[in-house]
Structure formats: structure tokens, C-alpha cells
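Student: Give me a model of this one.
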Amino acid sequence: MANTVTISPSKARTIKRKAALRFELDPEVIVLGPGESPTQKSDNATSNNPAVSSFFVSSLNAPQFDIEKTFPMILDPARLLREAADAQDISSIRTLSLNFLHSFTTVLRSMTQLPQVVLNASGYRNAESGVRHYKLLFMSHVNLLDDKNFEPVCRRQFSCEILESLDAAMSSLKRLMQVAEREMRQLKPLPETPEECEEEVEAEETDAEEVKAEEVEADSDHFNGARRNSLLSEDTHQSSEGTSTDRTCVEEVDDLGSFVKPLAIKPTKRGLSAILAPLSFNLRRKISQPFLKADKVTPVEKLTTRARHARATANIRNSIALFPELFDGKLENSFPHPDDSTELFLDRNGVLQLASLKGLVRYLTSAVSDDDLELPDVFFLCFRYFSTPTLVLEAFVERYKENLLSCLSPDKAPIQSMHVKMRVARLLNQWVDLHWRHSEDQEVFAPLLQFAFSDLSRDLPRDVSSKLIDTLHNVACAEEYNGRRLEKTVQLIQGSSPSEELHSLWEPRDKKAMVKGEFTKIKLSNFDSPQGMELLAHQLTVLLWEKFRDFQPEDAARFWVEEATGKSTYGFSNDAGAKVTTYASFEKALHLWALDVIVSAQSMEDRIEKIQFILEWARECHIIRNYAGSWALFSACDRQSLVGSLSNLGVRHDEILHALRLFFSHTNRMKAYKDAIQSSHGPTLPTLVLFIGDVKRQCGNEERVDHPNAPGHKLINLRRYRPLTRAVRDMERCHAPYYIQRVDYVCQWIEEVICSYLSRPEAEWEDIFYDKRYDSVFCPRRS
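Tutor: Numbers count the residues shown, from 1 in each chain. I've put the predicted structure just below:
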């Protein structure tokens with residue numbers, strides 16, 4: 001009896017072990033062996049698990065670690081510091097960096113208040129060491145500013161280093177918060193079993209207890225042998241499955257204190273599967289019951305299928321918002337519409353070529369348009385040529401409210417209708433966010449805002465409708481808002497191909513004459529060196545870039561369309577025409593100046609030297625993607641009617657001339673040049689020759705043509721607007737900024753010399769050049 005435990009004679013007693021720290025499993029019942037007391041066993045069972053602190057108990061609901069919501073105080077210093085670094089303002093960087101470090105240190109100090117279990121986790125410690133590393137890296141740059149007389153050798157490079165270390169520090173802090181959130185979630189116990197499943201679970205447990213009682217009563221005569229077998233099986237099970245914390249076993253004591261035979265219990269599943277598996281089974285059984293009514297729909301996140309996928313509920317709005325994959329394989333790519341036969345026309349390749357306004361909106365909001373990636377840009381860039389913002393908004397609203405029951409079966413119509421509404425909302429947001437033009441689209445702002453609040457907010461998920469509402473709010477707050485298409489294009493190019501700062505420390509011999517404005521004393525031969533060519537290419541690029549960035553590509557295309565058609569497009573006119581003309585005229589004047597330099601040579605040897613000089617300059621421009629300057633200079637050298645034979649240029653310059661000919665070849669419509677622009681490898685300056693030709697050539701197509709299969713139905717001719725859209729998008733890719741150190745006196749000299757060729761028409765200059773050609777080389781001088 002010394003090894004016997006005396007317990008209450010009223011009922012069998014079980015000892016429950018504490019739940020594990022990370023997962024709250026089913027209560028575990030411990031077998032009492034000989035010589036063990038409940039207190040001893042309980043102490044042993046819980047000795048390996050650290051006690052949960054009071055802080056942990058109060059923090060079971062794992063917080064959402066988000067910099068914007070949890071620590072907003074660090075955002076403003078970081079933003080202001082980025083702006084100061086972009087502006088290369090060393091004084092502001094010096095002040096703001098201290099504020100940022102103070103906020104950064106405060107955030108780290110706040111994170112130390114987390115539970116000790118989280119702070120000791122290996123993942124958290126690794127993330128924390130990364131934060132401290134990048135903080136020291138940032139401080140290594142900032143500490144240089146302690147000296148008030150400090151001036152970096154290159155402000156641009158120093159500012160970039162500050163930005164890189166700032167971004168690295170913020171990224172590491174964000175990762176630390178993500179790790180902390182993950183660790184806190186692991187501390188959080190699993191939720192209780194839903195009430196709807198408790199009754200079934202209790203019923204099953206009651207049945208199991210009755211069966212166990214019968215088995216215990218029937219086998220009570222064989223207690224001793226069974227006890228030895230059970231203890232043996234327990235040891236075997238422990239050796240194969242691990243410790244007793246991974247299983248559940250029960251051993252009961254009878255009224256006299258002697259042991260009874262333990263029941264044969266199957267090993268339990270580990271972790272989440274121990275709870276989720278029976279829960280999923282019971283829920284599946286409940287979902288299949290016929291009394292599941294629409295007015296008491298189970299939340300969509302609680303419904304699971306045998307394949308572990310979410311099931312849609314009667315609340316289709318929430319289902320689509322939370323599980324967009326419901327559309328996969330269930331939506332019609334193209335559903336028939338009574339007017340499709342007369343309002344849409346696709347070519348043999350399935351590309352939309354003709355459409356009415358309503359048909360075009362209907363096509364854009366159907367899944368079949370997903371293969372036509374450029375169509376949204378074509379529509380929003382060009383709809384003002386063939387329609388008005390008011391009519392376009394009315395077409396979208398009509399499409400949004402269209403009844404699809406006449407086109408689809410009743411079971412598919414609701415899903416397809418929601419799909420169409422989501423697409424309408426996305427396209428409207430794309431219009432406002434990327435393609436909005438204040439001068440023309442402001443008239444639809446009020447009705448669009450009303451539609452967003454009255455219809456979209458009611459029918460669509462909050463995440464969808466709020467995007468358009470937030471974008472409209474940005475429009476209302478801006479004094480004159482225009483779409484961010486150009487801005488986002490530039491950001492994409494800068495992110496994929498960061499541009500470096502270009503600068504030259506070389507100074508020409510004629511610097512004093514340039515500074516004084518004595519431009520007649522300057523000799524081109526003084527620049528005939530690699531450093532001189534680099535300086536000329538850089539400063540010419542600066543001048544062209546300053547003129548190119550003054551106008552928007554969309555305004556330039558509109559100006560060319562008005563020139564070709566003689567008609568003014570919808571909307572208000574602006575001064576884009578003058579700015580486009582300034583850029584194109586400077587490019588042309590550069591070409592005329594280069595021709596004049598070449599044909600003014602007094603001998604053939606001198607002419608060859610001038611051509612070689614111009615080709616070297618064109619090559620340097622080409623290297624930094626200044627195709628406007630490269631084209632203007634190269635084309636002057638390739639004018640054989642004026643320049644004459646180019647057979648004596650030498651191997652190097654023959655290769656340069658041949659390479660530039662292939663790049664700007666008109667035989668394949670300058671395909672290499674187009675590919676270089678579309679590759680978006682960095683800042684680029686385009687020549688407008690190709691774009692002007694493409695836009696004006698397409699203006700020869702009619703705006704509206706008859707449907708080939710339905711004469712009398714005038715449709716919008718998209719063949720006219722697709723090339724126009726490509727030209728605009730290609731020019732927008734060229735708006736990534738150059739970072740070139742401007743040398744004012746060189747720029748002033750170049751601009752003064754080049755702009756002097758704008759005083760006469762081009763045809764008059766051509767006559768002058770022909771006269772110079774025959775006077776200087778081929779014919780004796782006229783008396």
C-alpha cells in the first residue's frame with residue numbers, strides 16, 4: 001500500500017497537464033505511477049515550461065506591428081530627411097538626421113517592452129542585430145556632418161549614400177516588427193471550438209465514455225495482467241513517439257485505491273491538426289445540412305471544403321472581396337451581347353480595331369480584353385479625340401448598372417455582374433489616378449464623386465471603393481491635378497536603372513573667352529580630346545534636357561494632331577506647341593550648325609578632320625543615350641550631297657558612321673532606335689523626327705469608319721489611335737531625369753552659337769551651304 005495513492009472515493013480522478021507555450025492542445029492527462037503523488041507529477045510535468053508572465057497574459061491578442069500605425073512619429077523625420085537628401089541640402093540633412101536618429105532609438109527602446117520570450121527568440125535577435133548594424137551604417141555617414149565646415153566632394157553621391165543607409169535602416173526596422181508580430185502570434189493560444197461544434201463533440205465524448213465504462217467493467221477480472229501490458233505499451237509508445245506531452249493517456253483509480261486497466265488510446269495529432277481536423281470534419285457535416293438558410297449565413301472564413309478551399313456564401317460581396325480566386329475558371333471570357341455584332345470589330349488576330357463608345361467600354365470591362373494590354377492606355381489617352389469626359393462617364397455608369405440576366409443564366413449573372421462592377425471601379429480609378437487632365441475632366445468630378453459614394457460604396461467591398469474615393473480626394477486637394485502616369489513611369493525606370501551623376505573636371509583653354517562672352521575667339525580644336533568630347537556631350541545633353549522636360553508628351557502629340565488635321569481637339573489649348581517647337585528647332589539648329597562647320601572647311605583634309613570631330617561628339621552623345629544630339633550631329637556628317645565622299649575617314653570613324661547609320665536606319669523605320677527607347681535603361685533624350693512622322697502619318701486615317709459587316713454603323717477607328725498612344729508612351733519613358741553637373745559658361749556658349757541658326761529658314765541655310773561647299777573645296781574662290 002506504500003505505492004498506492006489514496007484519492008476521493010466518489011469518482012475517478014484525472015490529472016491535467018498545463019498547455020504548451022505555443023499551442024494550446026487538448027488537456028493532457030497524466031498516468032500516476034507507483035510512488036508518485038499528484039503534486040509531484042504535476043510539478044514534474046510543468047517544470048520544463050516557463051511560467052507565463054503577466055505581460056504575456058495581457059498580450060494574448062497579438063498586436064499588429066505597423067510603422068504607420070504603431071510608431072507614426074518616425075515617418076515625418078524619415079520623409080523630410082529623404083526630401084533634404086533629394087535636394088542635396090547638407091544643412092537640412094545635418095539637422096533632420098539627428099531627429100530621425102532620436103525617433104529611431106525611441107522605437108527600438110519601445111520594442112524592448114515586449115515579453116522576454118519574444119526578445120530571446122533567435123529570429124528576433126537576428127532581426128535586432130540587423131537593425132543595429134544598419135543604424136551604425138547610417139550613423140557613419142551622419143557623423144561626418146558633426147563638423148559644420150564639412151563639404152562632401154560630390155553632394156550627389158553623399159546624398160545617395162544617406163538615402164541608401166536610411167532606406168536600409170527603415171527596411172530592417174520593418175523586418176524586426178514583422179518578426180516580433182510573428183513571435184507574438186505564436187504565443188497567442190488557439191481560439192476556442194465554435195459553439196456549433198461543441199454539442200457534437202460533447203455527444204461523441206459521452207458515447208465514448210459509456211463504451212469505455214463497459215470495457216472497464218468487463219475486463220476488471222484481468223486487471224493485473226492488463227496493467228503490466230499497459231505499462232509496457234506505454235514505455236514502447238514513449239520511446240517511439242517522444243515524451244508524454246505529445247500524447248494523451250488516461251488511467252483511473254477504483255474505490256479501493258487499486259489500479260484499473262487503462263484504455264487503449266490512439267496517439268493524438270500534433271499542433272494545429274489536433275484541433276483543425278475534427279473541426280473541419282464537423283463543419284463540413286453542418287454545412288451540408290439543409291437547414292443552412294440564407295438569413296443566417298455562416299461567415300465565409302469559417303466554411304471549408306474537403307480540398308481546404310473557401311466556399312462562397314450567399315453574401316457574394318464579401319466572398320469576392322476576400323477570395324478573388326472564386327473567379328478562376330468560372331467567368332465567361334466573352335459573353336454575347338445583342339449589339340456586339342454591330343459595335344465591335346476584331347481583326348484576324350483577335351485585336352479590337354473598330355468599336356462604338358459603349359461597345360469599347362463593354363469590351364474593356366470583360367475578361368476578353370485582358371490579352372490587349374495597351375487598350376486601357378489607348379482609350380484613356382485618346383478618348384478626348386472622339387468623345388468627351390461626360391459621355392465616357394455616362395457609358396461607364398450605364399455599363400455598371402447593366403442587367404446581365406438577358407445575356408447569362410440566373411446562376412452566372414450575379415457573379416458576372418460583380419465582376420463587371422469591379423472592373424468598372426478599377427478602370428475609373430485608373431482614369432483618375434493616371435490619366436486625369438484637370439482642364440478637361442474637371443466637369444465630371446462632381447458626378448463621379450457622387451457615383452463613387454452612392455453606388456460603388458454600397459455594392460463593392462470597402463477596399464475597392466475606397467481606392468477611387470481616396471484618389472478623388474487627392475484630386476480635390478490639388479490645385480490642378482493631372483494624372484500620375486508620367487510620374488509612375490519615371491519612378492519605374494529609375495527603380496530598374498538608377499542613373500549616375502555625370503560630371504567633368506576638365507576645363508577648356510578658352511574658358512576666359514567663354515566667361516566674357518567672346519565666342520568668336522573659341523576654337524573647336526581645343527575640345528579635340530576625350531575629356532573635351534565628354535564635356536561637350538554632357539553640356540549639350542543638359543541644354544536639350546532642359547527644353548525637353550518643359551512639355552508633356554501627351555500635349556506634344558495633341559499639337560502634332562492639330563497641325564496635321566487643322567482641327568482643335570476637345571479641351572483648352574496651352575503653350576505646349578511653343579515648347580515642342582523650341583525643342584525641335586534647337587535640334588534642327590544643331591544639325592545646321594554641324595553642316596556649316598563641315599562645309600566651311602578650306603581643304604579636304606580640314607573637312608575630314610571636322611567630320612571626325614563631329615562623329616566623335618555624336619558617339620559620346622549616343623553613349624549617354626542623348627539620341628537627339630547624336631542624330632543631329634551624325635545626320636550632318638551623312639549628307640553626302642553636301643559633304644562629299646567619306647572614303648578617307650579612317651577605320652575607327654568608318655565604324656562609328658556605320659553603327660549610327662544602322663541605329664537610325666529608315667529602311668526598318670528606325671527599329672533599333674525604337675527598341676533602345678522602349679528598353680528603358682535609363683535617362684534618354686529622343687529625337688522627335690520619328691514621333692512626328694508616326695503621329696502625323698496616322699492622322700491620315702479617318703476618325704470613324706463603317707463596320708465591314710454592318711454598313712451605316714460608324715465606329716471609332718482604333719487603328720488611328722494605337723500608334724499615337726505608343727508614341728506618347730515612348731516619349732514618357734524618356735522623361736527620367738539626367739544628373740549632370742552644369743557648366744554655365746559652356747552651356748551659354750553652345751546655346752548662343754546654336755540658336756544663331758534659328759534666324760533664317762532651313763531652305764535658305766541649305767542654299768548658303770551649297771554655295772560654301774563649292775566655294776571652299778571643289779571650285780576656285782569667286783572674285
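Student: so where's the protein shaky on pLDDT?
Tutor: The model of the chain has pLDDT under 70 over residues 1-70, 188-336, 405-409, 569-574, 642-645, 773-783.
Student: biggest helix in it by residues?
Tutor: With secondary structure taken from DSSP state H, the chain has its longest helix at helix 155-187.
Student: now the strands for the stretch 551-700 of the chain?
Tutor: In the stretch 551-700 of the chain, no strands are defined using DSSP state E, counting those that start in this stretch.
Student: repeat for the chain
Tutor: For the chain, the strands defined by DSSP state E occupy 16-17, 28-29, 344-346, 352-355, 501-502, 704-707, 710-717, 739-740.
Student: Could you list every helix and strand in contact with the longest helix of the chain?
Tutor: The elements that helix 155-187 packs onto, with contact taken as 3 or more C-beta pairs under 8 Å, 6 or more residues apart in numbering; DSSP states H and E, are helix 67-70, helix 75-86, helix 90-111, helix 116-119, helix 122-142. C-beta here means a position set from N, CA and C on the backbone, and glycine is covered the same way.
Student: redo that, cut-off 7 Å
Tutor: Contacting helix 155-187 under the criterion 3 or more C-beta pairs under 7 Å, 6 or more residues apart in numbering; DSSP states H and E are the following elements: helix 75-86, helix 90-111, helix 116-119, helix 122-142.
Student: any idea which of the strands of the chain is most buried?
Tutor: Mean neighbour count, computed with mean count of other C-beta atoms under 10 Å, is highest for strand 352-355 among those, reaching a mean of 21.
Student: Give me the helices and strands touching it, please.
Tutor: strand 344-346, strand 710-717, helix 718-733.
Student: Can you check which of the strands of the chain gets nearest to Thr520?
Tutor: Using C-beta to C-beta as the criterion, the shortest distance between Thr520 and the strands of the chain is 26.9 Å, found for strand 739-740.
Student: about what we covered before: out of the helices and strands packed on helix 155-187, nearest to Ala578?
Tutor: Nearest to Ala578, of all these, is helix 75-86, at 29.9 Å by C-beta to C-beta.
Student: Buried ones in the closest one, by neighbour count?
Tutor: By 16 or more other C-beta atoms under 10 Å, the buried positions in helix 75-86 come out as 77-78, 80-82, 84-85.
Student: Would you state the helices of the stretch 401-550 of the chain in chain order?
Tutor: Secondary structure of the stretch 401-550 of the chain, counting by DSSP state H, counting those that start in this stretch: helices at 413-434, 438-441, 445-451, 457-459, 462-477, 485-496, 511-516, 530-548.
Student: can you pull the buried residues of the first one?
Tutor: Which is helix 413-434. The neighbour-count criterion (16+ other C-beta under 10 Å) identifies 413, 415-434 as the buried residues of helix 413-434.
Student: now do the last one
Tutor: Residues of helix 530-548 classed as buried under the neighbour-count rule (16+ other C-beta under 10 Å) are 532-545, 547-548.
Student: thinking again about what came up before, looking at the helices and strands packed on helix 155-187, which is closest to Glu343?
Tutor: Of all these, it is helix 75-86 that lies closest to Glu343, at 48.7 Å by C-beta to C-beta.
Student: So which other helices or strands are in contact with the closest one?
Tutor: Using 3+ C-beta pairs under 7 Å, 6+ apart as the test, helix 75-86 ends up in contact with helix 90-111, helix 155-187.
Student: and those helices, which is most packed in?
Tutor: Mean neighbour count, computed with mean count of other C-beta under 10 Å, is highest for helix 155-187 among these, reaching a mean of 18.
Student: mind listing what Arg423 touches?
Tutor: Under the criterion of C-beta atoms under 7 Å, 6 or more residues apart in numbering, the contact partners of Arg423 comprise Thr365.
Student: measure it to Leu176 for me?
Tutor: Taking C-beta to C-beta, to the nearest Å as the criterion, Arg423 is separated from Leu176 by 39 Å.
Student: Please apply the same query to Glu151.
Tutor: Distance of Glu151 to Leu176, computed by C-beta to C-beta: 35 Å.
Student: before we move on, what about Lys610?
Tutor: The spacing between Lys610 and Leu176, counted by C-beta to C-beta, is 63 Å.
Student: Could you do Gln640 as well?
Tutor: Taking C-beta to C-beta as the measure, Gln640 and Leu176 are separated by 67 Å.
Student: Over to Leu375?
Tutor: The gap separating Leu375 from Leu176 is 44 Å, by C-beta to C-beta.
Student: Take the helices of the stretch 401-550 of the chain and write them to TSV, including distance to Ala564.
Tutor: Listed next are those as TSV, based on distance: least, C-beta to C-beta, whole Å:
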stretch	distance to Ala564
helix 413-434	26
helix 438-441	20
helix 445-451	31
helix 457-459	44
helix 462-477	32
helix 485-496	23
helix 511-516	41
helix 530-548	21
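Student: How about the contacts made by the residue nearest to Ser369 when sequence neighbours are not counted?
Tutor: Spatial nearest neighbour of Ser369, chain neighbours left out: Tyr363 (5.4 Å); criterion: C-beta to C-beta, 6 or more residues apart in numbering. Contact analysis of Tyr363 by C-beta under 7 Å, 6+ apart lists 344, 352, 355, 369.
Student: Show me which of those residues is closest to Phe380.
Tutor: Using C-beta to C-beta, Ser369 is the member of those that sits closest to Phe380, with 13.4 Å.
Student: And for the closest one, the neighbour number?
Tutor: Residues near Ser369, counting by other C-beta atoms under 10 Å, number 19.
Student: about what we covered before: tell me the one of the buried residues of helix 75-86 nearest Pro461?
Tutor: Closest approach between the buried residues of helix 75-86 and Pro461, by C-beta to C-beta: Ala78, at 31.2 Å.
Student: residues touching the closest one, list them.
Tutor: With contacts taken as C-beta under 7 Å, 6+ apart, Ala78 has the following neighbours: 100, 166, 170.
Student: Specify which member of these is nearest to Ser92.
Tutor: Each of the contacts of Ala78 was checked against Ser92 using C-beta to C-beta; the closest is Phe100, at 11.7 Å.
Student: ok, the closest one touching Pro77?
Tutor: Yes. Using C-beta atoms under 7 Å, Phe100 and Pro77 qualify as a contacting pair, with a distance of 4.1 Å.
Student: Take the strands of the chain and write them to JSON lines, including distance to Arg182.
Tutor: Written out in JSON lines, the entries for the strands of the chain read as follows (distance: least, C-beta to C-beta, whole Å):
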{"stretch": "strand 16-17", "distance to Arg182": "26"}
{"stretch": "strand 28-29", "distance to Arg182": "26"}
{"stretch": "strand 344-346", "distance to Arg182": "50"}
{"stretch": "strand 352-355", "distance to Arg182": "47"}
{"stretch": "strand 501-502", "distance to Arg182": "41"}
{"stretch": "strand 704-707", "distance to Arg182": "59"}
{"stretch": "strand 710-717", "distance to Arg182": "53"}
{"stretch": "strand 739-740", "distance to Arg182": "40"}
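Student: which stretch among those comes nearest Lys516?
Tutor: If you check each of the strands of the chain against Lys516 by C-beta to C-beta, strand 739-740 wins as the nearest, at 24.2 Å.
Student: and Asp767, how far is that from Arg558?
Tutor: 34 Å.
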